[in-house]
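Visitor: Quick one, what's the 3D model for this:
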Amino acid sequence: MTAGGEPVLIEIDGLTKRFGSFTAVDHVSFRVARGEVLGFLGPNGAGKSTTMRMLSGFMIPTEGTASICGHDVQTDGVAARRALGFLPEGAPTYPEMAVIAFLRFCAEVRGFRGAALNERVEHAIGLTHLDPVRLQPVETLSKGFKRRVGLAQALLHDPPVLVLDEPTDGLDPNQKHEVRTLIKRMAPDKAIVISTHLLDEVDAVCTRAMIIAHGKVLADATPAELARMHPSGRLDDVFRALTMPEAA
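Guide: Reported below is the predicted structural model:
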């Protein structure tokens, strides 16, 4: 339990990933409780997506552990994934399938059948505003709509933990607002991690922000606390000072 009394739903301890002599993620540790939205910030190549893949169980760490709702993602992977909604970078789908067929397939994989399956699919379509394209093949959609299809599959089973890699990538300003509003609405009942390089996203939806560069955590605080780390009070200046100190 955290100081606020909410249960910790995500716990990472010493997570490390090496590719040969290159260390992509270097002993990263953090916890996320229910009700928290953690913004995972860093420049390209910082190790954000690699950390996300290890947390979701799609990549085996070199060292360290990750657990979701108390289930180790490596040794108790099935239970961990049941509690997880994961939007990966690029959100791979079956491009030839229609949107509704793809979401029905995902719901079936999650174990839904009959009326429950239909209800979960329709609910996810409504949350992500996919009704106008429900019958279109995924491959014909714009980047923004493809991103929303990926988000819909992550939300299908109403998981207590969401791990979202660049959830608003490719969305226009109105679509970004819709997705951010949705995240804020879901936040009280979930632990959410959002990987992003958009600092306005942190201001808009995150209760906490972590900055990572070269695989190491450089800061972990509320957005307001982070902003106070630079005389300007601007998050972009803090980000630049931490990740490019020679340019600060």
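
Visitor: what about the helices in the chain?
Guide: For the chain, the helices defined by DSSP state H cover 48-55, 77-82, 99-109, 114-127, 143-155, 173-186, 199-205, 223-227, 235-243.

Visitor: Buried deepest among the ones you listed, which one?
Guide: Across those, averaging neighbours per residue (mean count of other CB atoms under 10 Å) puts helix 48-55 on top, at a mean of 24. For glycine as for every other residue, the C-beta is placed from the backbone atoms N, C-alpha and C.

Visitor: before we move on, the earlier item: mean pLDDT and distance to Glu36 added to the helices of the chain, as JSON lines?
Guide: Output for the helices of the chain, formatted as JSON lines (pLDDT from 0 to 100; distance: least, CB to CB, whole Å):
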{"stretch": "helix 48-55", "mean pLDDT": "93", "distance to Glu36": "15"}
{"stretch": "helix 77-82", "mean pLDDT": "95", "distance to Glu36": "18"}
{"stretch": "helix 99-109", "mean pLDDT": "96", "distance to Glu36": "26"}
{"stretch": "helix 114-127", "mean pLDDT": "97", "distance to Glu36": "20"}
{"stretch": "helix 143-155", "mean pLDDT": "92", "distance to Glu36": "18"}
{"stretch": "helix 173-186", "mean pLDDT": "92", "distance to Glu36": "12"}
{"stretch": "helix 199-205", "mean pLDDT": "89", "distance to Glu36": "11"}
{"stretch": "helix 223-227", "mean pLDDT": "93", "distance to Glu36": "12"}
{"stretch": "helix 235-243", "mean pLDDT": "91", "distance to Glu36": "18"}
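
Visitor: can you list those in TSV and add distance to Ser67?
Guide: Putting those into TSV (distance: least, CB to CB, whole Å) gives the following:
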stretch	distance to Ser67
helix 48-55	9
helix 77-82	7
helix 99-109	22
helix 114-127	25
helix 143-155	19
helix 173-186	21
helix 199-205	24
helix 223-227	26
helix 235-243	28
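
Visitor: closest to Asp165 out of the ones you listed?
Guide: Closest approach to Asp165 among the helices of the chain is made by helix 48-55 (5.0 Å; CB to CB).

Visitor: Which of the helices of the chain sits closest to Gln136?
Guide: Between Gln136 and those, the tightest spacing by CB to CB is seen for helix 99-109, at 6.1 Å.
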